[in-house]
Every structure is written in structure tokens, then in C-alpha cells.
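Enquirer: just the structure for this:
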Amino acid sequence: MTRFGFKEISPSNWLEPDDVLKGFVGISFNGHVRPLVAEDYLNCILRPNLHESIPEDVQALFEVARGAMAYGYFFYPLFTLAMEQLFRVAEAAVAYKCATLGVPTSLKTFNKRIHWLVEKSIIRQSERESWDAVRHLRNMASHPERQSILPPSFAAGALERIASQINTLFNNKVPKTETK
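Expert: Next comes the predicted model:
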């Protein structure tokens, strides 16, 4: 550790696993404890995927965030940075979905777009709280007062949840209106 509380990159350590990760272990169902290795992290990060139906621009943003998360093995703060990027990926997905549905041009904020999608039943009322949480976390990440460093499990959990939310967002169809 250094003056910042995390690895400072140097020519001699930039390709070495971050020492912080030595403290993380895996526990098997039979109680066997073992250190986590690079493949453990990578497998967890590669598991969540976006459906092929998701727009390529959103998929590309997601892949960059996921790629940065994979390199958290070498520089621990990248787990948090990648997670914060995922919140912006979720916002981009909402903006893209709104654009395809012809959102009124007056709805320019993440909050207003989420609420519009809820009104149109694209985002279910039961999912609204999760989307609002992503919006709140995106705001915190985009306007930091100090550096946050969170455990890899937080980042991996965000990766799974946001992939699921984006997949659901693009699989939900606009309800048909009844004609009288």
C-alpha cells in the first residue's frame, strides 16, 4: 500500500496481481478455503451478458466496463471504476430505449426518462426502485467528493444486476392500447 491506500502503478508492478486481492478467498460447499485466482475473478465477470438484441452501442459500453473490471485483478480500484461506468451504461441504455420510442424532447434527464418508461409500462412499477437506485449511484459516482474503493463482489453484483436490467428493458414491449 502507498499513501493513497492502494497500489501505485510502477514499471515493476503493473502486470502483477494487486496485493489487496490476497485477502480474498473462496469457500467451497464442504468448507474448504482457498485463495481466489485470476480465473475466479474472470469467470465471474464474464458470466453476465447482454442479449444480442441490445443495441451495439450499448453493448460496446458494457464491454468496456466489463473489460476494465477484469483488469481490477491487477489494479484493485478498477473494480470500482468499472462499476461506476456500469451506472452510466445503464443510463445510456435508458436513453437509447427512449429514443427508439420517441420520448418527448423535454425529457432529458435520467430520472425523467425512467419515469416516462414506467408510465409507458416499459419499466415495470416493481422495477422502478432498482432503476432509481442505479440513477442515484450514477449521480454519486459522477460527482465524487473522494475516491471510493469497493470490494470486487460489489462490482460483480452490479455487473449482474445491470446486465439483467438492460436485458429486461429491451425485452419489454410497449403495451398495445385498446381500440374502442
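Enquirer: quick one: residues contacting Gly67.
Expert: Contacts for Gly67 were tallied using C-beta atoms under 8 Å, 6 or more residues apart in numbering; they are Ala82. Quick note: C-beta positions are derived from backbone N, CA and C, even for glycine.
Enquirer: got the contact list for stretch 119-135?
Expert: 87, 90-91, 94, 97, 101, 110-111, 114, 117-118, 161-162, 165, 168-169, 172, 174-175.
Enquirer: is it true that Phe110 touches Val94?
Expert: Yes. Judged on C-beta atoms under 8 Å, Phe110 makes contact with Val94 at a distance of 6.4 Å.
Enquirer: these two: which is more packed in?
Expert: Val94 (26 against 22; other C-beta atoms under 10 Å).
Enquirer: not counting sequence-adjacent ones, nearest residue to that one?
Expert: Arg113 (5.1 Å; C-beta to C-beta, 6 or more residues apart in numbering).
Enquirer: can you pull the contacts of the one you found?
Expert: So Arg113 contacts Val94, Ala95, Cys98, Val103, Leu107 (C-beta under 8 Å, 6+ apart).
Enquirer: which one of those residues sits in the busiest neighbourhood?
Expert: Val94 (26 neighbours).
Enquirer: quick one: low-confidence ranges for this structure?
Expert: Within the chain, the segments meeting pLDDT under 70 span 1-2, 172-180.
Enquirer: all helices for it, in order.
Expert: 38-46, 56-70, 77-101, 110-119, 125-142, 152-171 (DSSP state H).
Enquirer: the closest residue in space to Pro151 that isn't next to it in sequence: how many residues sit nearby?
Expert: Excluding the flanking residues, the one nearest Pro151 by C-beta to C-beta, 6+ apart is Phe79, at 7.4 Å. Counted with other C-beta under 10 Å, residues neighbouring Phe79 total 30.
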